[in-house]
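Participant: sequence? don't have it. structure:
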């Protein structure tokens with residue numbers, strides 16, 4: 001067993017493996033989730049995300065590796081430890097003919113110091129539906145009820161598996177605010193989602209799992225070397241800019257030679273797009289062009305680097 005367990009981190013994993021016969025569902029996964037952060041677990045379907053999360057939650061046994069969640073081995077699964085977890089699974093719960101309030105009251109009874117049921121219901125935006133039978137709720141409202149059930153125990157560590165699936169844009173924003181609220185309270189959240197805008201909006205760090213292995217972990221803004229990839233500045237030559245030499249650009253700027261000086265789109269790659277624009281805009285104004293057609297500044301998106309990581313690692317020799 002590993003000896004470098006960091007008791008200050010709510011989740012500390014080293015060498016985690018889960019095998020089914022000769023097949024590896026999870027292979028040598030290392031993870032550290034820090035106190036109070038929102039940590040995103042990303043990867044394609046079948047990559048091993050759900051298996052990893054279920055091991056962390058204590059509902060699935062690992063084959064090998066060292067795992068500590070809130071300072072304990074989740075395989076021990078004690079009631080005191082479990083009361084500190086909040087779990088919102090991907091599938092919507094089946095609550096029969098109970099009302100929203102009865103469902104939340106029922107689950108609150110399992111915890112030693114739960115939130116008031118009414119507070120949990122209000123937090124997820126179901127106050128007006130409190131007396132409705134759960135089976136009459138819409139799919140999005142049922143998802144909110146799942147979240148209320150997951151957080152009513154006032155957990156220290158929250159697992160959110162696709163928490164906004166089926167929610168409309170307004171409800172998604174409300175769910176995001178709830179995640180931010182718990183983060184402000186010092187709670188730690190593990191988020192699995194396919195919505196990359198959700199990751200950028202909520203998570204401080206993320207891990208990408210492909211074919212059972214973590215291929216990269218780090219701050220969301222740095223994944224896939226995003227900070228090292230140049231921005232792309234582009235615009236269309238028009239009017240007085242035709243045949244006019246470009247101004248002095250940042251030293252690192254590389255101009256795509258495919259477009260000539262007469263017409264076409266000018267495209268340049270630079271790590272200093274603000275400096276490039278500071279040179280281009282006065283140059284255009286001097287030529288009588290005060291609005292550059294099709295002016296765009298594009299930085300690599302999380303989706304760009306995420307898909308690149310998957311392509312580079314999917315099907316790789318294991």
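Facilitator: Received, thanks. Everything numeric here is computed off the predicted structure, so don't read it as measured data.
Participant: what stretches of this protein score poorly on pLDDT?
Facilitator: Scanning the chain for pLDDT under 70 picks out 1-7, 92, 259-263, 315-318.
Participant: Okay, helices next: where are they in it?
Facilitator: All helices of the chain, identified by DSSP state H, fall at 49-57, 79-82, 100-108, 117-123, 139-151, 169-184, 196-202, 273-286, 302-313.
Participant: how about these, which one is nearest residue 209?
Facilitator: Minimum separation from residue 209 across the helices of the chain (CB to CB) falls at helix 49-57, 5.5 Å. From N, CA and C alone the C-beta is placed, and that goes for glycine too.
Participant: one step back: could I get the helices of the chain as JSON lines with distance to residue 216 and mean neighbour count?
Facilitator: Converted to JSON lines, those look like this (distance: least, CB to CB, whole Å; neighbours: other CB atoms under 10 Å):
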{"stretch": "helix 49-57", "distance to residue 216": "14", "mean neighbour count": "22"}
{"stretch": "helix 79-82", "distance to residue 216": "30", "mean neighbour count": "14"}
{"stretch": "helix 100-108", "distance to residue 216": "36", "mean neighbour count": "20"}
{"stretch": "helix 117-123", "distance to residue 216": "33", "mean neighbour count": "19"}
{"stretch": "helix 139-151", "distance to residue 216": "28", "mean neighbour count": "22"}
{"stretch": "helix 169-184", "distance to residue 216": "23", "mean neighbour count": "16"}
{"stretch": "helix 196-202", "distance to residue 216": "13", "mean neighbour count": "18"}
{"stretch": "helix 273-286", "distance to residue 216": "25", "mean neighbour count": "16"}
{"stretch": "helix 302-313", "distance to residue 216": "6", "mean neighbour count": "16"}
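Participant: now the spatially closest residue to residue 16 that is not a sequence neighbour: how far from residue 30?
Facilitator: Leaving aside its chain neighbours, residue 16 sits nearest to residue 65 (3.7 Å; criterion: CB to CB, 6 or more residues apart in numbering). Counting by CB to CB, to the nearest Å, the separation of residue 65 from residue 30 is 9 Å.
Participant: Can you give me the domain assignment for this structure?
Facilitator: 11-84+156-225, 230-298 (automatic domain parsing).
Participant: Of those domains, which stretch is the most buried?
Facilitator: Highest mean neighbour count of the domains of the chain: domain 11-84+156-225, a mean of 18 (counted as mean count of other CB atoms under 10 Å).
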